[in-house]
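Trainee: Got a predicted structure plus its sequence, pasted below:
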Amino acid sequence: MENLIQVSSEVGTLRRLLIHSPDSGLGKVVPSKAQDWLFEDIVHLDTMRRQEYDFYVKTLLYFLDPDKIKGKLATINADNDRNFFKPDNPEYFNSDKVIELQKLLSDILENDLVRMKLVAAACAIEKEWYTTHDELFNLPPIELAKTLISGSTPSGEMLFPPIPNFIFTRDIGITINNHILLNRPKKQARTREALLVQYIFFNHPIFDAVRKNLIEIPDNETLFLLPEYEANEAQTTLEGGDVMMVAKNHLLIGISERTTVNAAKQVIKILFEKKIVDKITLVKIPNKRDYMHIDTVFTQVKRNVWVLLGSLAKPQLKAEDEVLIKAGLLPSKKAEQVHIVQFRRGQADEPREIASLEELLTEISIYDLGCQPLDVKFIYSGNNEFPYGAREQWTDSCNLLAVKEGVVIGYDRNDKTLEAFKEMGFETIKMEDLLNDFESGKRSPETIQNTFIMLPSAELSRARGGSHCMSMPILRSEL
Ligand SMILES: NC(=[NH2+])NCCC[C@H](N)C(=O)O
């Protein structure tokens, strides 16, 4: 029987993934809280759904579960109520390949014990009164799932804050071969997400087979004894956007605004002890809002092709600057650079340094994925033209989801990056056109190659997350 949970690469054909469609909570973000909730702006929910995210879902279905959509596109598009996309509607696509978290959550809430525990836990982290527990416990599972996610009860009362970043399912956990590593979010705004997802992983039947393979990162035991300023340093936090399964034996962990060295050390220990991977490479990126996770500065397109932010790709120091820094005339730029250290199982106390991001990615392509050195190619954000590299990275030019090797989904707005893709021999196509071509039989998901599929993104791109962030793969074919 085929495995249900197995991810050993970033680009093997995608078979199953977890997603979450923008929920009503996203439409309740207020300007005064937008930054705290990790959104730079408030979004127009209806546009985000109809003109953007729905296209994403349809495209995923076409690749992963075509029976759910083929031949029905006209009917789906004609339904003004969008019932096909609503998990609580009888017309819902209900796929076991493109899996909606809200659906899994309402499934597990059918169980009284799970419902009781989760209500109590959610109320505790949101500092709710005892009476609220009862009110929530008595909601039907579907309504309760919606309430726990959106923060608002069926009667419209805003009980909790929304969790608008739940659409970025990448960050909730990572499939590492046939194990799942659970996240420990850094940001308060993402705490309830982590709780809901723990309950899903530990209780939903689709994860029965990997239950013993769920990995929780232990906390620093004495953390609660430290004064706040020290505790911050010693935190053990890790978010999925910082973890990349680039090859069966090789895992990357970003050290970033969100993921700490302490967390990475714990993960190295656990994964090596359990012999889940042989190599773990830590990639330290500058601590900056622009790039909160490593998948915002590079992702993989094919075995031999990567997209990345040029300014972080190579060591930036000019020789004359080095002299001035040594002399103390210029501040050290170390924190603004990428630092890379690789650990091997069995030799974990002899890590090796890798000089640059390009060198690391080249090594992965050659040594882990069997490419020829001259075939390794880089596509740069904004075509590496000033000032487009940084501009387009801000709207997720480097954050692509491969649905199969060489076929990626990304935002439509990053013109210079798209040009760079074309120069590298890729076709670029609007998602809507692609769907029509699939429906008419002009193209097919099986035969399509070397293509950048353009997802409309005026609203989706306002929270520093792209299609890589909006996906948690749980099954990919082996490369
Ligand atoms: N894997 C990712 N890069 N996720 C992006 C998350 C964006 C989200 N607004 C946050 O700041 O948390």
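Mentor: Perfect, I can see it now.
Trainee: what residues does the stretch 101-250 of the chain put near the ligand?
Mentor: Within the stretch 101-250 of the chain, the positions near the ligand by CB under 6 Å from any ligand atom are 165, 168, 170-171, 241. (C-beta placed from N, C-alpha, C; glycine too.)
Trainee: Format those residues as TSV; extra columns: neighbour count and secondary structure.
Mentor: Formatted as TSV, those follow (neighbours: other CB atoms under 10 Å; DSSP: H, G, I helix; E, B strand; the rest coil):
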residue	neighbour count	secondary structure
N165	24	helix
F168	25	coil
R170	29	helix
D171	28	helix
G241	25	helix
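Trainee: Return the member of those nearest to the ligand.
Mentor: Comparing those against the ligand with CB to the nearest ligand atom picks out G241 as the nearest, at 2.3 Å.
Trainee: I figured that closest one hits F298, correct?
Mentor: No - applying CB atoms under 8 Å, one finds G241 not in contact with F298, separated by 11.6 Å.
Trainee: Please report the distance of D23 from the ligand.
Mentor: Distance, D23 to the ligand, using CB to the nearest ligand atom, to the nearest Å: 15 Å.
Trainee: i'd like the first residue to be 528 from this point on
Mentor: Right, with 528 as the first residue, what we last looked at is D550.
Trainee: Quickly note the distance from that residue to S559.
Mentor: Distance, D550 to S559, using CB to CB, to the nearest Å: 21 Å.
Trainee: More neighbours: the two, which one.
Mentor: Using other CB atoms under 10 Å, the more surrounded residue of D550 and S559 is D550, with 24 against 7.
Trainee: So that one sits against I676, correct?
Mentor: Yes - contact status for D550 versus I676: in contact at 5.4 Å, counting by CB under 8 Å.
Trainee: which residues do the two both contact?
Mentor: 629, 693 (CB atoms under 8 Å, 6 or more residues apart in numbering).
Trainee: now K585, nearest residue through space, not along the chain?
Mentor: Excluding the flanking residues, the one nearest K585 by CB to CB, 6 or more residues apart in numbering is L962, at 5.6 Å.
Trainee: And for G767?
Mentor: Ranked by CB to CB, 6+ apart and with sequence neighbours excluded, the top spatial neighbour of G767 is D698, at 4.3 Å.
Trainee: What of S633?
Mentor: Excluding the flanking residues, the one nearest S633 by CB to CB, 6+ apart is A672, at 3.8 Å.
Trainee: could you give the mean pLDDT of the host helix or strand of the one you found?
Mentor: Using DSSP states H and E, A672 falls within helix 668-677. Across helix 668-677, pLDDT averages out at 98.
Trainee: For that helix, name the packing helices and strands.
Mentor: helix 628-635, helix 639-652, helix 657-664, helix 718-730 (3 or more CB pairs under 8 Å, 6 or more residues apart in numbering; DSSP states H and E).
Trainee: which stretch in those has the least confidence?
Mentor: Minimum mean pLDDT among the helices and strands packed on helix 668-677: helix 657-664, a mean of 92.
Trainee: could you dump it to CSV, C-alpha only?
Mentor: C-alpha atoms of helix 657-664 as CSV (Å, rounded to 0.1, in the frame of the first residue of the first chain):
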residue,chain,number,x,y,z
TYR,A,657,-15.6,29.3,32.8
THR,A,658,-19.0,30.1,31.3
THR,A,659,-17.5,30.4,27.9
HIS,A,660,-16.3,26.8,28.1
ASP,A,661,-19.8,25.6,28.5
GLU,A,662,-21.1,27.8,25.7
LEU,A,663,-18.5,26.5,23.3
PHE,A,664,-18.7,22.9,24.4
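Trainee: So what's the gap between that helix and the chain middle?
Mentor: Distance of helix 657-664 from the chain centroid (CA atoms, centre = their mean, to the nearest Å) equals 33 Å.
Trainee: Quick one: list the elements packing against that helix.
Mentor: helix 639-652, helix 668-677.
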